[in-house]
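> Whatever this is, show me its structure:
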Amino acid sequence: MLTRRSFLGAAGAPLFARSPRRLNVLFIAADDLNTALGCYGHPLVKSPNIDRLSARGTRFERAYCQFPLCGPSRASLLTGLRPTTTRVLANNIDFRDFRPDAVTLPQLFKNNGWFAAREGKMFHMNVPKEVGTPKYQDAISWNHSVSPPGLELQTPGEGRKLSPPGVSFGMQWIAAATATGQADTNAADGALALLEKHRSEPFFLGLGFIRPHLPFVAPSRFYDLYPLDSIPLPENPPDDLDDIPAASKAVRPQLWNNMQMDAPKIKEALRGYYASTSFMDDQLGRVMAGLERMDLASNTVVVFWGDHGWHLGEHTRWQKMSLMEESARVPLIISTPRQKTRGKASRALVEFVDVYPTIADLCGLKPSANLEGRSLAPLLDNPGLRGKKAAFTELRYEQITGRSIRTDRYRYIRWEGMGGGEELYDHSTDPREFTNLAAKPEHRKTLETHRRILDAGWRAAL
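Residues are numbered from 1 along each chain as shown. Prediction:
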């Protein structure tokens with residue numbers, strides 16, 4: 001297990017004290033991105049630039065968000081506090097309303113003399129209607145804060161709506177002629193300009209891409225990477241939902257049953273998600289190439305993350321706001337100039353609240369003592385180290401509350417409201433969580449163990 005001493009480096013000495021130069025941070029977020037990436041083993045998705053970043057850093061195979069929704073997840077990651085602490089339990093809530101004195105991760109760097117800049121979506125931003133607006137982006141956290149505009153639904157090109165009339169959270173794709181006018185293109189342009197201008201001073205640059213968030217907008221050349229006849233349909237047992245509690249199926253119920261899409265539309269939706277992911281990857285590659293060209297890579301920590309998972313038809317569900325693996329598991333890659341081990345995967349259980357103390361640790365900064373995660377720095381040099389006993393994810397929806405833990409072998413979910421209920425899945429035999437074991441007598445002992453872990457809370461699982 002990681003020890004308290006290992007958080008601080010040898011003999012508790014801060015890393016900054018041993019470094020002649022302050023490290024830069026390039027902090028990259030992708031909106032609604034799951035682990036459908038080449039480096040995570042996806043057989044179709046082309047993500048060469050993210051894959052190269054993984055090859056020079058550490059890929060966390062079992063990283064989990066604290067809330068499978070944009071606003072709560074981002075507020076938690078950027079404050080290092082869990083959703084019940086920030087009290088951001090839905091979108092369109094400003095964490096400052098409840099935690100006015102919180103020091104965010106970029107704010108910590110700003111307060112310590114780094115140039116803290118934002119290009120794109122870092123905190124919550126409604127997409128597409130608030131693209132280009134500064135709402136919720138917490139101006140106090142930044143020296144420079146820009147929300148690049150984007151054409152979104154006004155993008156000229158071929159496309160269509162996939163979900164039927166009356167179904168909210170609609171699925172829609174657009175294949176554009178060029179990348180010009182897209183928010184992610186503009187964000188990459190802005191990031192490159194900032195790197196050039198501030199290359200001689202320490203910086204924390206938050207680069208927030210909005211793809212692959214709906215609508216699926218990408219240049220047509222990225223759609224060409226995924227011919228429809230090459231895309232397999234998701235496979236689910238016909239009785240898959242029979243053992244899932246009613247409370248689970250009542251969370252955004254429009255997202256089950258494939259959102260009423262037929263097989264051809266499902267393939268189009270998958271194609272749109274994959275194309276949008278590859279487009280985002282291409283913009284990331286432009287910025288990474290600039291980092292190398294400006295001779296900044298050798299002194300820059302690069303962090304890449306997606307704010308929560310996203311269903312792609314697993315269990316006939318789409319999008320987010322479930323407590324299953326596809327919604328709770330997230331991509332997380334960290335690359336540092338001085339790590340000894342590169343290109344390896346860590347299977348330690350880690351959480352998004354761990355990102356803040358990790359980056360502070362790597363750069364020799366001392367954050368507030370109230371952070372609710374732990375530094376992952378030891379895992380960068382030794383990915384084989386064990387992580388936490390459990391990772392915690394929760395959600396709230398109307399009168400329904402769900403709480404989940406992911407342990408080394410199992411996922412346990414507890415529901416309150418709509419009759420409540422429990423779910424237990426054995427990932428050693430059922431990695432896609434098709435068979436709920438909670439009601440099976442032979443798994444009673446395992447169920448009780450996981451009830452105790454959930455009740456004991458995250459502190460007991462460190």
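> which SS class is Ala175?
When classified by DSSP: H, G, I helix; E, B strand; the rest coil, Ala175 comes out as strand.
> what's the neighbour count on the nearest residue to it once chain neighbours are set aside?
Among residues not flanking Ala175 along the chain, Ser220 sits closest, at 4.1 Å (C-beta to C-beta, 6 or more residues apart in numbering). For the C-beta atoms, the positions are set from N, CA and C on the backbone; glycine is no exception. Counted by other C-beta atoms under 10 Å, the residues lying close to Ser220 total 15.
> low-scoring pLDDT stretches of the protein, where are they?
Confidence mapping of the chain against pLDDT under 70 gives the ranges 1-20.
> now the biggest helix by length in it: how far from the chain's centre is it?
Among the elements of the chain assigned as helix by DSSP state H, the one spanning the most residues is helix 263-293. Distance, stretch centre to chain centre, for helix 263-293: 15 Å (C-alpha atoms, centre = their mean, to the nearest Å).
> Next secondary structure element downstream of it?
Sequence-wise, the next helix or strand beyond helix 263-293 is strand 300-306, with elements assigned using DSSP states H and E.
> tilt between that next one and helix 263-293?
Relative orientation of strand 300-306 versus helix 263-293 (axes from the mean of the first three to the mean of the last three C-alpha atoms, to 10 degrees): 170 degrees.
> circling back: would you indicate which residues of the longest helix of the chain are buried?
Within helix 263-293, the residues that qualify as buried by neighbour count (16 or more other C-beta atoms under 10 Å) are 265-288, 290-291.
> sorry, back to before: thinking the residue nearest to Ala175 is in contact with Ala179, fair?
No - at 10.4 Å, Ser220 does not count as touching Ala179 under the criterion of C-beta atoms under 8 Å.
> and the residue nearest to Ala175, how far is that from Ile174?
The spacing between Ser220 and Ile174, counted by C-beta to C-beta, to the nearest Å, is 9 Å.
> and for the two, which residues touch both?
157-158 (C-beta atoms under 8 Å, 6 or more residues apart in numbering).
> Now do stretch 170-180: everything it contacts.
With C-beta under 8 Å, 6+ apart as the test, stretch 170-180 has contacts from 151, 153, 155-163, 182, 185, 214-220, 223, 259, 261, 265, 268-269, 271-272, 275, 279, 282-283, 318.
> and the residues you listed, which of them are in strands?
157-161, 216-219, 318 (DSSP state E).
> could you flag which of the residues you listed are buried?
A residue is treated as buried here by neighbour count (16+ other C-beta under 10 Å); on that basis the buried members of those are 157, 159, 216-219, 318.
> OK, contacts around the closest residue to Phe279 other than its chain neighbours?
In space, Phe279 comes closest to Ala218 once its chain neighbours are excluded; the distance is 3.7 Å by C-beta to C-beta, 6+ apart. With contacts taken as C-beta under 8 Å, 6+ apart, Ala218 has the following neighbours: 174-176, 211, 272, 275-276, 278-279.
> tell me how far the ends of stretch 43-58 are from each other?
Distance across stretch 43-58, first residue to last, is 20 Å (C-alpha to C-alpha, to the nearest Å).
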